[in-house]
Structure formats: C-alpha cells, structure tokens
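Here is my input; please provide its structure:
(chains A, B and C)
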Amino acid sequence: MFAIVDINNFYASCERIFDPKLRNKPVAVLSNNDGCIIARSNEAKKLGIKMGQVFFEKEDWLKKQGVAVLSSNYPLYADMSNRMVQVLREMVDDIIIYSIDEVFIDLSSYKNKDLRLLAFEIKDKLLKYLGLPVSVGIAPTKTLAKTANFYAKRYSKFKNVLVFDEEQKIKDALKLIDVGEIWGIGRRFKKFLKANGIKSALDLRNANEQFIKKHMSVVGLRTVKELKEESCIEVESIRKDRKNMVHTRTFKHPIKTKEDLKAIISTFTVRLTEKLRFQKSAANMIGVFVETSRFENKKYRYYNSKTVNLPVPSNDTFELIKYALKLTDAIFVSGYKYKRAGVMVFGLQNSNHLQYSLFDTVNRYRNNKILNTLDFLNASYGRDVVKYAVQGDDTKNSVQERLSPQYTTSWNQIIGARADENFPHVPS
DNA sequence: TCTGGGGTCCTAGGACCC
DNA sequence: TCTGGGGTCCTAGGACCC
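All right, here's what the predicted structure looks like:
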C-alpha cells in the first residue's frame, strides 16, 4: 500500500499560519510579478476564483469581496515544506518527496497495522506541530492513492482521510470520477479518451490495453495497470539531483535593448550557477532563450533559443556568463519587446568527478577558489553583495507588492546554512 | 499598463557503429 | 543473381506533473 500526504491549499495555508487575521477568510496567492492567482483557500475557491486567473482583471472585485491577496513567499513555503518532511520522517520510514506539498509513503512494512489510524495520526500531528492542514489517501498503487486523496480532500465526511482497501470500494470511487482527474491524464489525453468513449476512471480501468499502449505509450498503459491495483509507477524524490536546470522570469516591463537583456541574462546565469554549485553539479551544455509576450499581436512576436556544448563540464560563473552572452548575441534581434528570457543547463553531472580536457584554457583551480569566496560572501551578507559588473542594475524587473514577512527564515539563514555545509574551505 | 516557473519521461527517426 | 542483424546516441516534439 501507498499513502500520499498532500497539504491542503498549501501556499494559502502557509500564509495563514503566521497571520491569524487570514483565518476563515478568503486568501489568494499570486505568481511572480503578481501576475496570476496560483493558490486559493477554500473560501476563495467558493467565491469562484479560478486557478491561473489574471490578477489585474479581478483586482477591484477581489477587494470588494474582502479577499486577502498576497505575493508568493517561496522561502516561507520551502521552509514549511522541509518541516513537514521532518515530522513525517520521525513517524514513517520510506518516504518519497514528490513535490513541495506532497509526500508519498511506501507502506509495505506496515502490513499488519491499522492504516486508517496511521493516516489520522499523520494528519493530526502535522496540524498540531506545524498548523498545516493535510489530506491523506491510501491505496494499493500511487495512482489510486492520489484518487483516494482527491475524495478525502473534497468531501467533508471523510475528514481528510480515505483508505482504498477493498476492490469494490475502488470500483465505486472510479465510477464516479472523471477520467481527466486521474493522475497522469492531462488535457490532451482527457480529450482523446472522451472522444473514444472512455469517460470515467472506471472506463479507463476497463479499457483495452493494446489500444491504450498504441495511443498513449507505456506511460498511459502504466496508469491503466495502476487503476487495476498493479503498482508500476516509480516516482523520484524532488530532492534527488536534477538533470537539467532552468532559470527564467517574465519581466514586469518589456526589454528592448541588447544591453538590458545581457544584464538580465548575466543575472540568470549567476543564479543558475549558484544552484549548480549548491547541488555539486556541472553542466555539459548551456542554452539561452528569449521571447516576446505570448499575448502580443502575431506580427510582433518572436521566440528563439540556442544551445552550445561546453568543452568541459562546468559550473563556473565567469565561464558560463561568457557563453550565455554569446548565445544572447546570436538570438537577439532588435525591434522586439522582450517579455521573457531564460538560461538553461543540461546534462548535469557530479562536479567532484569530472573529466577535464588536455587542452583546457581555463584555470579552473583558481576560478574555483574565487567562486567559493564569492558564494561565501553572498551567503553571509546577502544575495549579490558582490556581483558581476555585467549584471548592472537588475532590481527593477520584478514586482512583489504584497509579500508577507520572512516569518521563519531570513536570506542569511537560508543561504548561510548552505554555506556551512557546502563551502567549508573558505578562509575566515 | 498588466498574463508564473520549474521539472520528468517517452517515442520516432536519423546517423552512426561492428 | 544477390544485400543481415544487431546495437548506441542524439534530437525534436509531445505528453505529463506540481
């Protein structure tokens, strides 16, 4: 059996813990630049506020309805997520961190225990220790556990806990749920399945496996098998090292000149290489993309991206900025209003075991010492206390007007903790 | 005025190897 | 006259997740 523990309305719930005024009130949390609504409390959902709703279109209405609207406070959410994992680790063994607000638990070693009781213990403890409201679904496969969770969260009679322990129970539940609600069935497949008469999750469970494999590959087939209580989907913890990384932002104000764009791309590269070094990874390949607004008239729209292989896997900010700026030169076309850009790295590998080149022209030993020192300074005294001249003044490009305080963390604490673990060789 | 950011896996086809 | 049988790697595109 597997359990999935999922925090209800995660971002909105985090905001509530530290600001009692928000309790029992509708709360909405915004995306970067205060663009869209990406999280809602139950009260906000009841008002009909939709996921992804554009904020400026509804601002006045939200005010009238008394909705508390907040910018997203990722350091707070990440910290609360860590605390949840800590509490769970003290209670159970086999956990897989699936996302910032969801954890799977492999319950194979709990064969003779009362799983319902365990689920209630988990739920009560997370509420008592952290103030986080969660729902728990338990079933023979991860897909079914997600489905149990779906019911647990929506119908108050379950008190946020549901265990699928009998076949008939599972079939009844699958019959009543739309196929598009099943984990692994997105917009496209939902449409495809419905066009082929597969409407409920039970229809999908009973579908012809050859047909599913042909049109939805082994990925779709696995979902069908999981609905039939055959566990076959493996999930990797998000704490595992990433294979690719991206840093991208939408700009509050469009960018028109190459100089401004280069300043931004430099900053993105700085952030990305910090993340690389933190993960102890080096990249094989780097890429840059630029984009005008997707809502712009077609005539004025432009997208381009370019990637380049690195001679030696690297996480060296000095080196990667040079490549990123060359790529920017290659794809920048003047006359467009750029709204979004990003830097990507691919083929990450452990930076402790790298294959260097005989013909390398970069003094990596020396650069590493500089980078360690920079990381240490920025970790100790705040982000970008020491920065690269090409970054210029890049502070005017994002907006977070409704940010809550860093209740549980400060920048120094978050990154300072990392500094101790990861950069121990910097002279004091 | 104004529209998020970060990931993964799978497949098919082409190029190449012995 | 006639033309095998196995692989790998890479890339682009499409699907999905939170």
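
what bridges to residue A:305?
Judged by DSSP bridges, the bridge partners of residue A:305 are residue A:289.

who's in contact with it?
Residues near residue A:305 by C-beta atoms under 8 Å, 6 or more residues apart in numbering: A:287, A:288, A:289, A:290, A:331. C-betas here are computed from N, CA, C, even on glycine.

Residue A:266 now?
Taking C-beta under 8 Å, 6+ apart as the test, what residue A:266 contacts is A:321, A:324, A:325, A:388, A:390, A:391, A:392.

Narrow those to just the buried residues.
A:321, A:324, A:325, A:388, A:390, A:391 (16 or more other C-beta atoms under 10 Å).

how about the one helix or strand the third one maps to, does it reach DNA strand C?
When you say that, I think you mean residue A:325. Take DSSP states H and E as the rule and residue A:325 turns out to sit in helix A:317-331. No - against DNA strand C, helix A:317-331 shows no contacts by C-beta under 7 Å from any atom of the strand, the least distance being 13.7 Å.

C-terminal to that helix, what's the next element?
Next element after helix A:317-331 (DSSP H and E): strand A:338-346.

quick check: angle from that following strand to helix A:317-331?
130 degrees (axes from the mean of the first three to the mean of the last three C-alpha atoms, to 10 degrees).

Who are the packing partners of strand A:338-346?
strand A:245-255, helix A:258-278, strand A:281-292 (3 or more C-beta pairs under 8 Å, 6 or more residues apart in numbering; DSSP states H and E).

how is chain A carved up into domains?
Partitioning chain A according to automatic domain parsing yields domains covering residues A:11-72, A:171-236, A:245-422.

TSV for these, including distance to residue A:157 and mean pLDDT?
Below are these laid out as TSV (distance: least, C-beta to C-beta, whole Å; pLDDT from 0 to 100):
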stretch	distance to residue A:157	mean pLDDT
domain A:11-72	16	95
domain A:171-236	13	95
domain A:245-422	33	86
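
would you list these in JSON lines and tack on distance to residue A:2?
Below are the domains of chain A laid out as JSON lines (distance: least, C-beta to C-beta, whole Å):
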{"stretch": "domain A:11-72", "distance to residue A:2": "23"}
{"stretch": "domain A:171-236", "distance to residue A:2": "7"}
{"stretch": "domain A:245-422", "distance to residue A:2": "28"}
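
mind checking which of those is nearest residue A:115?
Closest approach to residue A:115 among these is made by domain A:171-236 (15.2 Å; C-beta to C-beta).

Now render the helices and strands packed on strand A:338-346 as CSV, adding distance to DNA strand C.
Formatted as CSV, those follow (distance: least, C-beta to the nearest atom of the strand, whole Å):
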stretch, distance to DNA strand C
strand A:245-255, 12
helix A:258-278, 17
strand A:281-292, 8
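
Any idea which of the ones you listed gets closest to DNA strand B?
strand A:245-255 (3.4 Å; C-beta to the nearest atom of the strand).

which parts of that closest one are buried?
Of the residues in strand A:245-255, those buried (16+ other C-beta under 10 Å) are A:245, A:247, A:249, A:250, A:251, A:255.

Need the contact partners of that strand.
For strand A:245-255, using C-beta under 8 Å, 6+ apart, the contacting residues are A:32-33, A:35, A:261, A:264, A:268-269, A:271-272, A:275-276, A:283, A:289, A:292-293, A:337-345, A:348, A:396-399.

Let's have the helices and strands packed on strand A:338-346 in JSON lines, adding distance to residue A:23.
As requested, the helices and strands packed on strand A:338-346 are exported to JSON lines (distance: least, C-beta to C-beta, whole Å):
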{"stretch": "strand A:245-255", "distance to residue A:23": "32"}
{"stretch": "helix A:258-278", "distance to residue A:23": "35"}
{"stretch": "strand A:281-292", "distance to residue A:23": "40"}
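
closest one to residue A:158 among these?
It's strand A:245-255; of these, that one is closest to residue A:158 (C-beta to C-beta) at 38.0 Å.

wait, is residue A:357 part of a strand?
No - read with DSSP: H, G, I helix; E, B strand; the rest coil, residue A:357 is coil and lies in no strand.

pull the CA atoms of stretch A:131-139 into CSV?
Extracted as CSV, the C-alpha positions of stretch A:131-139 are listed here (Å, rounded to 0.1, in the frame of the first residue of the first chain):
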residue,chain,number,x,y,z
GLY,A,131,-0.5,24.2,11.7
LEU,A,132,-0.6,22.6,8.3
PRO,A,133,-3.9,21.0,7.2
VAL,A,134,-3.3,17.9,5.1
SER,A,135,-5.3,15.2,3.3
VAL,A,136,-4.1,11.6,3.3
GLY,A,137,-5.1,9.0,0.6
ILE,A,138,-4.0,5.3,1.0
ALA,A,139,-4.4,2.6,-1.7
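
hmm, it in reach of DNA strand C?
No - Stretch A:131-139 is not in contact with DNA strand C by C-beta under 7 Å from any atom of the strand; minimum separation 11.5 Å.

Then stretch A:293-308?
No - applying C-beta under 7 Å from any atom of the strand, one finds stretch A:293-308 separated from DNA strand C by no less than 7.6 Å.

So that stretch, near DNA strand B or not?
Yes - remark: stretch A:293-308 sits within contact range of DNA strand B at A:293, A:295, by C-beta under 7 Å from any atom of the strand.

Between the two ends of that stretch, how far is it?
25 Å (C-alpha to C-alpha, to the nearest Å).

buried stuff in it?
So, applying 16+ other C-beta under 10 Å, buried residues of stretch A:293-308: residue A:293.
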